[in-house]
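1. could you work out the structure for the sequence below:
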Amino acid sequence: MPQQLLNPAKVTEVFAHLNETPDNRALYSELVNGNDVTSDVKGVSLAPGYRVVRVDDRKKGEIPQAHFELALINDLTEEVVYYNRVIIQPDSYLNCRPVTQILVWRTQKPKHRAVLHDFAGIIFMNYLLERYDIIVSDRNQTHEGMSFWQARMYDALELGLHLYGYDMMTCELIEMHNEAELEKGETWLWGDAEHYQDRLAIISKNKLPLE
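-> Residues are numbered from 1 along each chain as shown. Take a look at the predicted model:
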């Protein structure tokens, strides 16, 4: 997976519609009746008006894999403040069904900065990892997305989680046990050569591959 998306136009195309009020409000309308999972996210404290909602398989016509959307919405302003599209992708070699964040966005409006502080990391560690045990990086990484994953990998080391680099084509699985190995692993994972798209970062609560 993680090859940087260095084309700013492509990144802008993916995220721009969520920055525009009509499109953001339209997405809010589609997600507002989703399952309220706020209480399922450990360590999150939200001001009145904010909720975390989840909608499963809403985009079946576009996304062939099982998937769900997580959003932090504000019911007072009727807007989406944070949006995360997640796919569930079985892997026969790893013998598991890891999840991958394929689109993560958050508003840059100052009025929402306090609630968004560390929110993406909390969702990653305290919701996705708690529920699915294994998270795999996306193959198309923006610079911000790569930095986010690097931060989560260092968090994983501190928490005693299992950390891997994985090549989808060869099934090569490299475990990283300390910061020195992680530094080498980052070089192996991230680059601009075509084959790097087949290399994924993995954070797991269990040793891989699962028995």
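2. in three-state terms, how would the residue lying farthest from the centre of the chain be classified?
-> Going by CA atoms, centre = their mean, the residue of the chain most distant from its centre is residue 76, 26.1 Å out. With DSSP: H, G, I helix; E, B strand; the rest coil as the basis, residue 76 sits in coil.
3. pretty sure it sits against residue 49.
-> Yes: the pair residue 76 and residue 49 qualifies as a contact (CB atoms under 8 Å) at a distance of 3.9 Å. (Each C-beta comes from the backbone N, C-alpha and C, glycine too.)
4. returning to that earlier point: how about the residue farthest from the centre of the chain, what does it touch?
-> Listed by CB atoms under 8 Å, 6 or more residues apart in numbering, the contact set of residue 76 reads 48, 49.
5. next one: it from residue 51, what distance?
-> From residue 76 across to residue 51, the span is 11 Å (CB to CB, to the nearest Å).
6. in this protein, where's the longest helix?
-> For the chain, the helix that runs over the most residues, judged by DSSP state H, is helix 143-159.
7. how about it: buried residues?
-> 145, 146, 148, 149, 150, 152, 153, 156, 157 (16 or more other CB atoms under 10 Å).
8. so where's this protein uncertain?
-> The chain contains residues with pLDDT under 70 at 1-14, 140-142, 192-195.
9. secondary structure element for residue 18?
-> Here residue 18, judged by DSSP states H and E, is contained in helix 8-19.
10. would you map the strands across this structure?
-> 3-4, 35-36, 50-56, 66-74, 79-88, 99-106, 134-136, 140-141, 162-167, 173-175, 199-204 (DSSP state E).
11. quickly compare those strands and say which is most buried.
-> Comparing the strands of the chain by mean neighbour count (mean count of other CB atoms under 10 Å), strand 199-204 ranks first with a mean of 25.
12. got the contact list for that one?
-> 1-2, 94, 98, 129, 133-137, 139, 149, 152-153, 156, 161-168, 185, 188-189, 208.
13. again, but for stretch 159-177
-> Residues contacting stretch 159-177 (CB under 8 Å, 6+ apart): 1, 93-94, 125, 129, 136, 153, 156-157, 181-182, 184-185, 188-189, 195, 198-209.
14. circling back to that earlier point, farthest pair in the buried residues of helix 143-159?
-> Pairwise distances across the buried residues of helix 143-159 (CB to CB) peak at 19.4 Å, for the pair 145 and 157.
15. what sits against the residue nearest the centre of the chain?
-> Taking CA atoms, centre = their mean, the centroid of the chain lies closest to residue 101, which sits 3.2 Å from it. Shown here is residue 101, whose contacts under the criterion CB under 8 Å, 6+ apart are 84, 85, 86, 124, 128, 135, 138.
16. check the spacing between the third one and residue 209 real quick.
-> If I follow you right, that is residue 86. 22 Å.
17. and what of the last one?
-> For residue 138, the distance to residue 209 equals 21 Å [CB to CB].
18. neighbour count winner among those two?
-> Between residue 138 and residue 209, counted using other CB atoms under 10 Å, the more crowded position is residue 138 (23 against 16).
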